[in-house]
Each structure stands twice: as structure tokens, then as C-alpha cells.
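>>> The sequence and its predicted three-dimensional model are supplied below.
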Amino acid sequence: MFAPAIVGTGTAVPAFSYSQEELLEVFRIEDPRIRSVFLNSAIERRFLTLPPEGADGTRRMETQGELLAKHRASGIEMGARALQACLKNADADLEDVRYLCCVSSTGFMTPGFSALIIRELGLEHNTSRLDVVGMGCNAGLNGLAAVTGWAHAHPGQLAIMLCVEACSAAYVFDGTMRTSVVNSLFGDGAAAVAVQAGPGARHEGPSVVKFASCIIPEALEAMRYDWDDDHGKFSFFLDREVPYVVGANAEEVVGRLLAGTGLRRDDIAHWIIHSGGKKVIDSVMINLALSRWDVRHTTGVLRDYGNLSSGSFLFSYNRLIDEGVVAPGEHGVLMTMGPGSTIETALLRWPGGENARDGQRREL
């Protein structure tokens, strides 16, 4: 029996991107405190679908219904492109997809993206599917756990996880510091990953060895959606203590991930960490004793895209693969964090190398 392996990835973003300075001008933000939040975020540009302009040239505030329509339309468009890019990378066709898990937290609708994407792209009507909704930025690894489980139970068949996050469909512009922190951070994007188990896998990508989770119940309210009666919209809240809560628990969950594998932290060659924000990245880096080099792709994605919620880690994974530095038999750790508060991790092992085959026999 072969462990499920990543055989392809793909990403997509909206057509237009904006610098933080441009966004401050678009929304005519003059408050120096809010301007400081935008300009000290370690973010240079983000891809967004902005509200339409009013007659006076200002951006009209969207209703909750319009935001949900943006979530649906933008999500289908980005998601379809990301999935097609993933299949191309995996040398696969639409008819090869047997399982589709869609992940999103930027809007709520029934049926979910899995059914809409199946119709949009003409996938087989007997494609198994799952929608993971409302779990936040950590949810990419929750979805990947489901996809690898399905692939393990169906050797040779192709399973896809698709993260679709139209974060601009979850913005509230009311001039407060609470909403400004969120508005300064998140960007729109979609990312897909193809997983397959068995000797017929299309590419020799890394096998997904195991997962480990950590929920921090005392920080349950630190990241949440609230209903804003004044604006008639959902409003996302981020507690200022989030980076420190995540960092303080990172070592424990990584220890649990590596337990029983014979690996230590310094055996991990590649760290793919969710681009949650500058302070979050710094806190995780300090608590895990990582270098700036270890988190180069995490910080690069934050700089160029902002926080892309559940799909952020796949943008970083793509950069690692494109860099071409992975050696046979090396190990990597994926880490995401989000509401709960929750930290999710996964251990990857690239094929080849003297220890990789022995490790696979031990695992299976």
C-alpha cells in the first residue's frame, strides 16, 4: 500500500491587485492609526475585488446580499481556474477527478462550491464531494486530511482539495480599528491540490505521512465572525493576542506531529507556514527556533498577496516547488492556524533517498 501523495497544485487570483497605499487612497482613509496598520503590515500588494464606484467617485458600500453574490461569482471563477491549473500540473484531465473537497470561509451558501464547480467545469456527476465551510484559515489542512483519507481508501483515483477565499466579500468598512485590521490583511485567492495513492500516481510528489492538531479552547473567541446589526453584515474579529496564543502552542503540536517518526525538528528541511500576518509568523518562528530562510516563502506570499486564508499555505508550497531546492528523501511540515483557536499540521516526505523507503515501510 502506498501513502497518499501530492501530485499537483494550482492557484488563481482576481485580475486586479492594489498596493496598501492605493487602498488607503481608494477608501479615503485619513486616520493616522489606521494608515499605520496598513503601512506596517509587511504587505505590499493584494488581489481584491473592490466595491463599485459611486457617482461621486467613492466606493459604494455593498450590502450583505451583494457580498454573498461576490463570494459566489468570484469564488466560482477563481476556483475553476485554480482547479484547471492543478490538473494541468498533475497531467490529469477533468474526467480523472473522482473526489472534490471545497474549503471556504468568506460566505455561506447552499449548495456549496463543490456542486457549483462540478457544474461549472462539467465534472463527472458521480464525483464524490465535500464542503468545509466556516473553519477559517486553518481549514486547508482539515480539508487535506479528508482528501488524503479518501485517496488512501481509493488507490489510483484522483482527489482534489480546492480552497476558495474571496476575502473581499467579508469586508466591513466602518472606520473602526476592529474592521481596519481585517481590511488591511486579507486578499482574494484560490488554491487547489491533487492527491493520489497507489503505484499509478502521475508524479512522484511528497507523501502525506501524518497530521496533528491542537485546539486552544480558552482562545475560542480570539478569531470569529459576529453579526453587525448596525451595518447588517457579518464582521470578522481578530484579537490582538492571536499571534502570541498561536506561537505559544506551536511547539507542542509540532512535537505531537513528529512523535513516533524518529524525526526531530532539525530534521525538517522545509517549513510551509500559513501567511497569517507579520506578528503571527514572527511568533511561530521564534517559538520553533526557525530562521528567516525557513519562512521565506511564507513571508513572500504575505508580501505579494496578503493573508489568503485557507489556501495561503499552497501558495507557499508552490514557491518551494518552483524554487527547485527539495532533495530526495527530505521532510517538510505544513502548518495552518485559525479560529478555534486551532493549529493544524501535516508531515510531508519527498520520495527517494536512503531513509525514505525505510520510513515508508515503518509508516505503512
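Happy to help now that I have it.
>>> Now that Asp174 has come up, it's in contact with His231, right?
Yes - contact criterion CB atoms under 8 Å: Asp174 and His231 qualify, at 6.3 Å. Every C-beta, even on glycine, is put in place using the N, C-alpha and C of the backbone.
>>> shaky segments in the stretch 251-364 of the chain?
354-364 (pLDDT under 70).
>>> How about the host helix or strand of Val253, which residues are buried there?
Following DSSP states H and E, one finds Val253 within helix 242-258. Within helix 242-258, the residues scored as buried using 16 or more other CB atoms under 10 Å are Val242, Pro243, Val245, Val246, Gly247, Asn249, Ala250, Val253, Val254, Leu257, Leu258.
>>> now the residues you listed as TSV including distance to Gly143?
TSV is the format used below for those (distance: CB to CB, whole Å):
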residue	distance to Gly143
Val242	22
Pro243	24
Val245	23
Val246	20
Gly247	24
Asn249	21
Ala250	21
Val253	18
Val254	20
Leu257	18
Leu258	22
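>>> Let me know the closest of these to Thr63.
Val242 (28.9 Å; CB to CB).
>>> and the closest residue to the closest one other than its chain neighbours, how many neighbours does it have?
Leaving aside its chain neighbours, Val242 sits nearest to Ala222 (5.2 Å; criterion: CB to CB, 6 or more residues apart in numbering). Using other CB atoms under 10 Å, the number of residues around Ala222 comes to 19.
>>> Ala222 is in contact with Val245, isn't it?
Yes - contact criterion CB under 8 Å: Ala222 and Val245 qualify, at 6.2 Å.
>>> intersection of neighbour lists for the two?
Ser341 (CB atoms under 8 Å, 6 or more residues apart in numbering).
>>> show me where the stretch 251-364 of the chain has strands.
268-273, 331-338, 342-349 (DSSP state E, counting those that start in this stretch).
>>> Which stretches in the stretch 201-350 of the chain count as helices?
All helices of the stretch 201-350 of the chain, identified by DSSP state H, counting those that start in this stretch, fall at 242-258, 278-287, 296-305, 312-323.
>>> export these to TSV and tack on distance to Lys70?
Compiled in TSV, the helices of the stretch 201-350 of the chain are given as follows (distance: least, CB to CB, whole Å):
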stretch	distance to Lys70
helix 242-258	26
helix 278-287	26
helix 296-305	18
helix 312-323	20
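>>> Nearest to Glu21 among those would be which one?
Ranking those by proximity to Glu21 (CB to CB) places helix 296-305 first, at 14.2 Å.
>>> counting contacts, what elements does the closest one pack onto?
Judged by 3 or more CB pairs under 8 Å, 6 or more residues apart in numbering; DSSP states H and E, the packing partners of helix 296-305 are strand 45-47, strand 268-273, helix 278-287, helix 312-323.
>>> Can you lay out those as a markdown table showing mean neighbour count?
Formatted as a markdown table, the helices and strands packed on helix 296-305 follow (neighbours: other CB atoms under 10 Å):
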| stretch | mean neighbour count |
| --- | --- |
| strand 45-47 | 22 |
| strand 268-273 | 22 |
| helix 278-287 | 19 |
| helix 312-323 | 21 |
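>>> Tell me which of those lies nearest to Asp226.
helix 278-287 (20.9 Å).
>>> Now do that closest one: distance to the chain's middle.
17 Å (CA atoms, centre = their mean, to the nearest Å).
>>> Contacts made by that helix with the rest, please.
By CB under 8 Å, 6+ apart, helix 278-287 touches 41-42, 242-244, 246-248, 250-251, 273-275, 290-292, 294-295, 298-299, 302, 335, 337.
>>> mind redoing it with 6 Å?
Ala42, Pro243, Tyr244, Val246, Gly247, Ala250, Glu251, Ile273, Val295, Thr298 (CB atoms under 6 Å, 6 or more residues apart in numbering).
>>> what's the answer for stretch 322-336, then?
Applying CB under 6 Å, 6+ apart, the contact partners of stretch 322-336 are 138, 140-141, 268-274, 313, 344-346, 348-350, 352-353, 355-356.
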